[in-house]
Each structure stands twice: as C-alpha cells, then as structure tokens.
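Novice: Sequence first, predicted coordinates after that:
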Amino acid sequence: MRIAILRVGPVDTGILHSVQDGVRSTFPGTECVIVGETMAIPREAFHTARRQHHSTTILNAITDCARKLESDRVLGVTDVDLYVPRLSFVFGEAQYLGKAAIISVHRLRPEFYGKTADEELFTERSIKEAVHEIGHTLGLEHCKSAHCVMFFSNSILDTDRKKAAFCEKCYPRVMRSLRVG
C-alpha cells in the first residue's frame, strides 16, 4: 500500500516526517511519501461563529486531490482546529473504506492545554491520530479497547491513554486489508 501525506495549509515539516516514520512502522510493507506541494485550506471550510474548520469539507477537497496522486491512501495533515457539526471538535476524520483521511495537530500540542511544550508527546499523539484515521480507511471501526489505537478519542486524555498500535482484534483485520488492498 502506498500512502501519501499531504500538507493542508501551513504545517511544520518535522511533524510530517515523524508521522511518516510512525505510519511506515505501523503498517508493514507500506510505502509512505510526503507530497511536495501544499493543499490550500478551502475557504468554505471555515465557520466564523465557531472559529473552526469543517473537517468534512477539507476531507472532500483531499479526495479530489487524491485522484491526481498515485497513492492508495492520502492522509492530510493540517494545523487548523477541526469540527463536525455534532461535536465540539475532532482530531481527524476519514472516509470509511475510502482513500482519504485528515488529522489536525492543532489540539495535539500540550501547549493547547496550558502545558509545557513536549515534542515527544506531540509526536506520539500525532502518530496515534494518523494511524487511527488510516485504520478507518481500511475498514476498521472504533474499538472498545481503551488501549487500541482505534479507540475513539473524546478528549486528549483518551489519545494519551491509547497506544499507537492495534489491539489483538484489530491487528488481524489490518493485515487482511493490507494483503487484499
């Protein structure tokens, strides 16, 4: 499987490389490349009252962009705050059994929560969310195991508690998907 990492708006290159390394190590035999160009954040994604960006609008733009890239999956990485209408925020969104996913690193920084900057924690959180969203594109749903990377993160505490790996139930499903797809 070939995964392209697409910068959506301004994003630090260092975190892109960290996510790339994390995705490569989590999905065996996967080629993971960082796309050279940056996709602009669609203006219509911004919700003035919420001061956030609608993740589905950006995801649709990534899907359009994915058609031009020669990859099995495209993971968009952005630094804007994302939401879906029924939730106050999301760390990411993906097309279930689709080609596109997006994560936002905006709420993954410890500084967002008034804590001291911690690059290692920031990187770990970013990798977890990237792997989680790619998992959805492979057909995985949210897992009930709080330590599985596919567990739904309702808060940053959930993200910190889970591991960057699939549980014993989800892992075989990923391996089957990688063999088929």
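Specialist: Received, thanks.
Novice: Where does the prediction get shaky in this protein?
Specialist: Across the chain, the ranges flagged by pLDDT under 70 are 180-181.
Novice: From start to finish, how long is stretch 142-161 in a straight line?
Specialist: Using C-alpha to C-alpha, to the nearest Å, one end of stretch 142-161 lies 15 Å from the other.
Novice: Show me what counts as buried in it.
Specialist: Within stretch 142-161, the residues scored as buried using 16 or more other C-beta atoms under 10 Å are 143, 145, 148-151, 153, 156, 159. Backbone N, C-alpha and C define where each C-beta goes, glycine included.
Novice: Can you list the buried residues in the longest helix anywhere in the chain?
Specialist: For the chain, the helix that runs over the most residues, judged by DSSP state H, is helix 119-137. Using 16+ other C-beta under 10 Å as the test for burial, helix 119-137 gives 121-137.
Novice: how close does the residue nearest to residue 108 when sequence neighbours are not counted get to residue 14?
Specialist: Spatially, and ignoring its direct neighbours in sequence, residue 108 is nearest to residue 125 (4.1 Å; C-beta to C-beta, 6 or more residues apart in numbering). According to C-beta to C-beta, to the nearest Å, residue 125 stands 14 Å off from residue 14.
Novice: Please state the backbone phi and psi of the residue located most distally from the centre of the chain?
Specialist: Note on the chain: the largest C-alpha distance from the chain mean falls to residue 49, namely 24.8 Å (C-alpha atoms, centre = their mean). Main-chain dihedrals, residue 49, degrees, to the nearest 10: phi -60, psi -40.
Novice: hang on, the earlier thing: how far away is the residue nearest to residue 108 from residue 169?
Specialist: Distance of residue 125 to residue 169, given as C-beta to C-beta: 23 Å.
Novice: Find the nearest non-adjacent residue to residue 110, please.
Specialist: residue 118 (4.9 Å).
Novice: Run through the residues that contact residue 8.
Specialist: Contacts for residue 8 (C-beta atoms under 8 Å, 6 or more residues apart in numbering) come out as 38-39, 41, 58, 62, 76-78, 102.
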